[in-house]
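> need coordinates for the below:
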Amino acid sequence: MKIFRIFTLVILSCFTILVCAQTGVNNQKKTDQPKTNSSGNAQKPGQSQVKKGSPGKKNPQNSPDKAMKNFTKGELNKAVSPAKVITDPNEKKATELSSSGSVKGRQGDYKGAIEDYTQALNLFKSSNTYMKRGYTYILLENYPAAINDLNEALRLEPGSSKVLLSRGVCRFEMQDFKGAGEDLKASLNKDSTNAIAFNYMAGVCFMSKDFKGALDNYSQVIKQLPTFPDVYSNRGMMRHYLGDLKGAIEDYNIALKQNPDNSSAYNNRGAAKLGLNQNKEALEDFNTAIKLKDDYSDAYNNRGKAKMNLGDKTGACEDWHKSYYLGLEDSMQLIIKYCK
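Predicted coordinates:
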């Protein structure tokens, strides 16, 4: 979405949706939970330390979510077998145009697909065609247009879990987190196995700073689909924010086994190690994160902290200047305090 670029769930015997109730996270002391801007001080006997590292500043959600893209593409690929013999010439022609739109969408010609779907809808109103045109708009990140089509699809086919999920995703991307949560909850009440819906519900919780709710939803993603993109890295971030640094490291370890090129997981694991005063190990992770992504401002900022704690003031100041140059304004506070 527009405000962040990053980066998108066990069936209970009596399923209850994981709502994003505030769980006391916001009542924790500042020194107990890493912040996106800064975190609490850690002191070693006789040594003044800079503040702990923190996970990246950005929401863990992708824009749009990788799995959601695959889902929408998969839906465009599905052929619809009419349940009845079509005798109405307009409906028959509309069905042909809708099928043509799906072919074009599968080939990546989204503009052509929308033209075919629009012609089809001018001839005959179909929930399936509205839904597919809505999916195509999602792939183009035109979320208002997608919502209009998904509203029509729900009017013609009330209660569709797929349409509710898709509208919830659009609302999320448009920063309507309350509306997104309502749609995702309704979708999960109908299909409690949908990893994508749980993943976006975690994003809703994250945006309201309900890190416990986000963690629970990411855990549901893992129970449904352990290979879901970035889920262990994202759950690790929630554990990190909640102060469970060892648990966060366990999740980051799994994330890196699944994707050894995940620079965010290296940075975040390093930040967790920094919080545990494992400065040498943290430094190695920050080095790797920067090797993978040489303009990673958060990693430079965190590496500077590790270097400072290890007595390398010159190296720390170099990293903080680099981080500030790359756009991380918080680094200036460290430069002013330590680099005189």
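> backbone phi and psi for residue 244, please?
With angles defined as degrees, to the nearest 10, residue 244 shows backbone torsions of phi -90, psi 80.
> could you report the neighbour count for it?
17 (other CB atoms under 10 Å). For glycine as for every other residue, the C-beta is placed from the backbone atoms N, C-alpha and C.
> again, but for residue 250
17.
> now swap in the one 5 residues further on and tell me
A count of nearby residues for residue 255, using other CB under 10 Å, gives 24.
> so it sits right up against residue 227, yeah?
No - counting by CB atoms under 8 Å, residue 255 stays clear of residue 227, with 11.3 Å between them.
> run the chain-centre distance for the helix or strand harbouring residue 304.
Using DSSP states H and E, residue 304 sits within helix 297-309. Centre-to-centre, helix 297-309 and its host chain are 25 Å apart (CA atoms, centre = their mean, to the nearest Å).
> following element in sequence after it, please.
helix 313-325.
> next, the buried residues of the helix or strand following that next one.
Past helix 313-325, further along toward the C-terminus, the next helix or strand under DSSP H and E is helix 331-338. For helix 331-338, burial by neighbour count (16 or more other CB atoms under 10 Å) applies to 331, 334-335, 338.
> so for helix 331-338, mean pLDDT?
Averaged across helix 331-338, the pLDDT comes to 96.
> including distance to residue 248, could the buried residues of helix 331-338 go into JSON lines?
Shown next, in JSON lines, are the buried residues of helix 331-338 (distance: CB to CB, whole Å):
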{"residue": "331", "distance to residue 248": "23"}
{"residue": "334", "distance to residue 248": "23"}
{"residue": "335", "distance to residue 248": "28"}
{"residue": "338", "distance to residue 248": "26"}
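> most widely separated two among these?
331 and 338 (10.7 Å; CB to CB).
> need the overlap of contacts for these two.
residue 320 (CB atoms under 8 Å, 6 or more residues apart in numbering).
> neighbours around residue 109, how many?
15.
> what do you get for residue 99?
With other CB under 10 Å as criterion, residue 99 counts 16.
> quick check: which ranges of this protein have low pLDDT?
With pLDDT under 70 as the threshold, the chain has low-confidence stretches at 1-49, 51, 56-65, 78-84.
> repeat that for 50
Under the criterion pLDDT under 50, the flagged ranges of the chain are 1-19, 21-48, 62-64.
> show me what the helix holding residue 304 is packed against.
helix 263-275, helix 279-292, helix 313-325, helix 331-338 (3 or more CB pairs under 8 Å, 6 or more residues apart in numbering; DSSP states H and E).
> what do you get if the cut-off is 6 Å, keeping everything else the same?
helix 263-275, helix 279-292, helix 313-325 (3 or more CB pairs under 6 Å, 6 or more residues apart in numbering; DSSP states H and E).
> okay, buried residues for the second one please.
What it means is helix 279-292. Quick answer for helix 279-292 (16+ other CB under 10 Å): 279, 281-286, 288-290, 292.
> please identify which pair of the residues you listed lies farthest apart.
It's 279 and 292 that sit farthest apart of the buried residues of helix 279-292, by CB to CB, at 20.5 Å.
> make JSON lines out of the buried residues of helix 279-292 and add distance to residue 94.
Shown next, in JSON lines, are those (distance: CB to CB, whole Å):
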{"residue": "279", "distance to residue 94": "65"}
{"residue": "281", "distance to residue 94": "62"}
{"residue": "282", "distance to residue 94": "60"}
{"residue": "283", "distance to residue 94": "62"}
{"residue": "284", "distance to residue 94": "60"}
{"residue": "285", "distance to residue 94": "56"}
{"residue": "286", "distance to residue 94": "57"}
{"residue": "288", "distance to residue 94": "54"}
{"residue": "289", "distance to residue 94": "52"}
{"residue": "290", "distance to residue 94": "55"}
{"residue": "292", "distance to residue 94": "49"}
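> return the member of these nearest to residue 142.
The closest of the buried residues of helix 279-292, once distances to residue 142 are taken by CB to CB, is residue 292, at 32.4 Å.
> need the contact list for the closest one.
By CB atoms under 6 Å, 6 or more residues apart in numbering, the contact set of residue 292 is 261, 263.
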